[in-house]
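**Q** take a look and give me a structure for this.
(chains A and B)
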Amino acid sequence: MPTIYVLDVPENTTIVEVASRHSHVAVQAVGPYVELSSSEPIVIDRRATGCRHAVWYSCLAGLSASRIVQWDKNALRIEAA
Amino acid sequence: MSATPLPHLARGVDHAAFPTLDPAATIRFYRDVLGFPVVHSICAAGWGPEKHPDFVHFFFDIGNNDRIAFFHYFGFEPPMVSERGDAFARFNDEMPGFYITSRHLAIHVESEEHLTEYQRRLDESDWPTEMRVQHETIESIYTHDPNGYMLEITRALRPVTPQEDQDAAISVQALLDIADAGTLTLDALLQRKAELILAHAEEWEQLTIPEEVR
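**A** Here you go, the predicted model:
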């Protein structure tokens, strides 16, 4: 099950919000992080987040049983490892 | 993650020293364009077992009593492999630019107004601002000094949170772990970070986020 961690800081708020629009993505706090886990690939559209590149390309704090399939100016896509 | 930390006794930068082949431009840039006070200098005859040239060592205050210092060695012309790089290190065409500019000095200012003031001073000089960028939590201007050294002047857009300090500690521990394991990739780093996040999450006390960040 793809699981990622995002640090809970204001710049990352929209990243979590966009990811959690998918009903298969579960969100929970783990210490100062937000854990996003999903039965399906996690796909986040960069433009929907409104993030500029410095935030976008440093938004991932951790990957659990997952691999990055896409991380470019368009989207971040995480699948099960 | 670690035992009781060692007492942190260091108190900032006393001075960071660089060679210069162009002392006149260096003085104009730091003293006259940026307005950094000259605070110390040593004019010395060469000595020592090596053939050491006569030199002058001069210092500028960069705030907070921290100093940037330069050496100029009279009559010394270092062998340089190319035009790319700075007065200390030159590179051939195979070296990518990101690596060359990765080593830089960033000087802190307190406000947007102060950052803009330094941008104005640079833009009226022979060393204009090359870019002004807002990163996630900082805003910076950049130029190269007369020696080719990249100089950044930066301000914080918000305070760094305790959570970010904690995350940095985890990142660095994860980096150490993957380096020791011999797998230095971003993927390995993020995998190891996730393990550390889960291992430590429950013991973290709820960290308070400063009001001005929210």
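**Q** touching chain B at all, the helix or strand of chain A at the bottom of the mean pLDDT ranking?
**A** Least confident helix or strand, chain A: helix A:53-56 with a mean of 90, by mean pLDDT, DSSP states H and E. Yes: applying Cβ under 8 Å from any Cβ of the partner chain, one finds helix A:53-56 in contact with chain B at A:54-55. For every residue, glycine as well, the C-beta is placed using N, CA and C.
**Q** now that helix, how far from the centre of its chain.
**A** Here helix A:53-56 shows a centroid-to-chain-centroid distance of 13 Å under the convention Cα atoms, centre = their mean, to the nearest Å.
**Q** so residue B:107 sits against residue B:145, correct?
**A** No: contact criterion Cβ atoms under 8 Å: residue B:107 and residue B:145 do not qualify, at 11.3 Å.
**Q** who's more crowded, those two?
**A** Neighbours around residue B:107 and residue B:145, counted as other Cβ atoms under 10 Å in any protein chain shown, are more numerous at residue B:145. The numbers are 23 against 17.
**Q** and the more buried one, what is it in contact with?
**A** Applying Cβ atoms under 8 Å, 6 or more residues apart in numbering or on different chains, we find residue B:145 in contact with B:26, B:29-30, B:127, B:151.
**Q** residues touching residue B:137, list them.
**A** Counting by Cβ under 8 Å, 6+ apart, residue B:137 makes contact with A:11, B:156-158, B:160.
**Q** and these, which is closest to residue B:66?
**A** Using Cβ to Cβ, the shortest approach to residue B:66 within these belongs to residue B:156, at 17.1 Å.
**Q** once you drop chain neighbours, what's closest to that closest one?
**A** Counting by Cβ to Cβ, 6 or more residues apart in numbering or on different chains, residue B:156 lies nearest to residue B:138, which is 5.7 Å off, once chain neighbours are set aside.
**Q** before we move on, what about residue B:177?
**A** Leaving out its chain neighbours, the residue that sits closest to residue B:177 by Cβ to Cβ, 6+ apart is residue B:192, at 5.3 Å.
**Q** now swap in residue B:184 and tell me
**A** Closest residue in space to residue B:184, ignoring its immediate chain neighbours: residue B:178 at 6.0 Å, by Cβ to Cβ, 6+ apart.
**Q** now the helix or strand hosting that neighbour: mean pLDDT?
**A** Per DSSP states H and E, residue B:178 falls inside helix B:162-181. The average pLDDT within helix B:162-181 is 95.
**Q** in JSON lines: the contacts of residue B:145, plus neighbour count, secondary structure and distance to chain A.
**A** Formatted as JSON lines, the contacts of residue B:145 follow (neighbours: other Cβ atoms under 10 Å in any protein chain shown; DSSP: H, G, I helix; E, B strand; the rest coil; distance: Cβ to the nearest Cβ, whole Å):
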{"residue": "B:26", "neighbour count": "22", "secondary structure": "helix", "distance to chain A": "31"}
{"residue": "B:29", "neighbour count": "24", "secondary structure": "helix", "distance to chain A": "28"}
{"residue": "B:30", "neighbour count": "23", "secondary structure": "helix", "distance to chain A": "29"}
{"residue": "B:127", "neighbour count": "18", "secondary structure": "coil", "distance to chain A": "25"}
{"residue": "B:151", "neighbour count": "23", "secondary structure": "strand", "distance to chain A": "20"}
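**Q** could you redo the residues you listed as CSV and give each row pLDDT and distance to residue B:201?
**A** Formatted as CSV, those follow (pLDDT from 0 to 100; distance: Cβ to Cβ, whole Å):
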residue, pLDDT, distance to residue B:201
B:26, 98, 50
B:29, 98, 48
B:30, 98, 47
B:127, 98, 48
B:151, 97, 40
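**Q** and the most centrally placed residue in chain B, bridged to which residues?
**A** By Cα atoms, centre = their mean, the mean C-alpha position of chain B lies nearest to residue B:105, the distance being 2.9 Å. Bridge pairing for residue B:105 (DSSP bridges) gives the partners residue B:151.
**Q** thought it was touching residue B:154?
**A** No: assessed by Cβ under 8 Å, residue B:105 is found out of contact with residue B:154, at 10.5 Å.
**Q** doesn't residue B:194 belong to a strand?
**A** No: using DSSP: H, G, I helix; E, B strand; the rest coil, the assignment for residue B:194 is helix, not a strand.
**Q** just the CA trace of stretch B:12-31, in CSV.
**A** Presented in CSV, the C-alpha positions along stretch B:12-31 are these (Å, rounded to 0.1, in the frame of the first residue of the first chain):
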residue,chain,number,x,y,z
GLY,B,12,28.9,32.0,14.7
VAL,B,13,31.4,32.8,12.0
ASP,B,14,34.6,34.5,13.3
HIS,B,15,35.8,34.9,9.7
ALA,B,16,35.6,33.0,6.4
ALA,B,17,38.7,33.6,4.3
PHE,B,18,39.1,33.6,0.5
PRO,B,19,41.9,34.5,-1.9
THR,B,20,41.6,37.4,-4.2
LEU,B,21,43.5,38.2,-7.4
ASP,B,22,41.7,41.6,-7.6
PRO,B,23,42.0,43.4,-4.3
ALA,B,24,40.8,46.8,-5.7
ALA,B,25,37.6,45.4,-7.1
THR,B,26,37.1,43.4,-3.9
ILE,B,27,37.4,46.6,-1.7
ARG,B,28,35.1,48.5,-4.0
PHE,B,29,32.5,45.7,-3.9
TYR,B,30,32.5,45.0,-0.2
ARG,B,31,33.3,48.4,1.3
